[in-house]
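In: sequence? don't have it. structure:
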């Protein structure tokens, strides 16, 4: 037989459950939108390679973040939430990197620019600022050349120190040769020169482990394409045809040749982050984000003047 005390206890339990569920619902509704999971999207590059990308925030211009050699969209982990408060933020994985496809036969700078263009078309924005790290300085330059009506400007990240950099074929081949023989070990050695001695060791080891784990075939084709654009003078030629403002946010490991850049880039400026190395968006995020915000505003003002 069920007693009255048991019935009262069951009713009390239901009341507590209902109250708890109500509290959880209120808590869920109160959480900021940025906390919700953003599922990656997929579009297809010109050669039908699937390209993974993610979209956060709202507002124009749209900031399109493009990672460098053997990286992926995670390298912008300290920028996504910060800049999605004011802008629509797009991060992507180039073909052969991250979650994008690996069916491509030739991982060239032109093919990577097609990847970025495909994502811009998929997002549908006509007011884009392209933010490219390292090798992606070339990539976003070529993308801007391909679709000038959709690009407001470019922000280079520790890149484009000298678009005329005098690299010989012999020098390029000498850089590539060790990695062809032993990619994992030699790529670690190559990338380790891009850090300062005082760089956070945990960040440094993560980058070294991650980049040296890249698919060697993809990485070597990409590096060869990147270097040989300098050998043949192709980087300067890319920017001869770019008529949007370019602002770089660089560390101070390597000097910037402003005179050489001004011969090819219609509007060039640089913001140097003291103590920053090649991966300053990871190991100096606060200083980098402040400089990036400044660079975005410079691009927007210059773009408005051009129009």
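Out: Now that the structure is in, tell me what you want to look at. Here the structure is a predicted model, which is why all the values come from computation and not from measurement.

In: which stretches in the protein count as strands?
Out: Using DSSP state E, the strands found in the chain span residues 41-44, 50-56, 62-66, 88-92, 128-133, 151-157, 246-250, 268-272.

In: okay, these in JSON lines with mean neighbour count, distance to residue 188 and mean pLDDT next?
Out: C-betas here are computed from N, CA, C, even on glycine. Output for the strands of the chain, formatted as JSON lines (neighbours: other Cβ atoms under 10 Å; distance: least, Cβ to Cβ, whole Å; pLDDT from 0 to 100):
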{"stretch": "strand 41-44", "mean neighbour count": "15", "distance to residue 188": "31", "mean pLDDT": "98"}
{"stretch": "strand 50-56", "mean neighbour count": "21", "distance to residue 188": "26", "mean pLDDT": "98"}
{"stretch": "strand 62-66", "mean neighbour count": "27", "distance to residue 188": "23", "mean pLDDT": "98"}
{"stretch": "strand 88-92", "mean neighbour count": "26", "distance to residue 188": "25", "mean pLDDT": "98"}
{"stretch": "strand 128-133", "mean neighbour count": "28", "distance to residue 188": "19", "mean pLDDT": "98"}
{"stretch": "strand 151-157", "mean neighbour count": "28", "distance to residue 188": "22", "mean pLDDT": "98"}
{"stretch": "strand 246-250", "mean neighbour count": "25", "distance to residue 188": "23", "mean pLDDT": "98"}
{"stretch": "strand 268-272", "mean neighbour count": "17", "distance to residue 188": "27", "mean pLDDT": "98"}
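
In: nearest to residue 214, of those?
Out: strand 128-133 (14.9 Å; Cβ to Cβ).

In: if we can go back for a sec, tabulate the strands of the chain (TSV), appending distance to residue 181.
Out: Below are these laid out as TSV (distance: least, Cβ to Cβ, whole Å):
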stretch	distance to residue 181
strand 41-44	35
strand 50-56	31
strand 62-66	29
strand 88-92	31
strand 128-133	27
strand 151-157	30
strand 246-250	31
strand 268-272	36
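
In: out of these, flag the one nearest residue 185.
Out: By Cβ to Cβ (comparing all of the strands of the chain), the closest turns out to be strand 128-133, at 23.7 Å.

In: pairing partners for that closest one, with directions?
Out: Paired neighbours of strand 128-133 in the sheet (DSSP bridges): strand 62-66 (parallel), strand 151-157 (parallel).

In: switch these over to JSON lines; also include distance to residue 119.
Out: As requested, the strands paired with strand 128-133 are exported to JSON lines (distance: least, Cβ to Cβ, whole Å):
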{"stretch": "strand 62-66", "distance to residue 119": "7"}
{"stretch": "strand 151-157", "distance to residue 119": "13"}
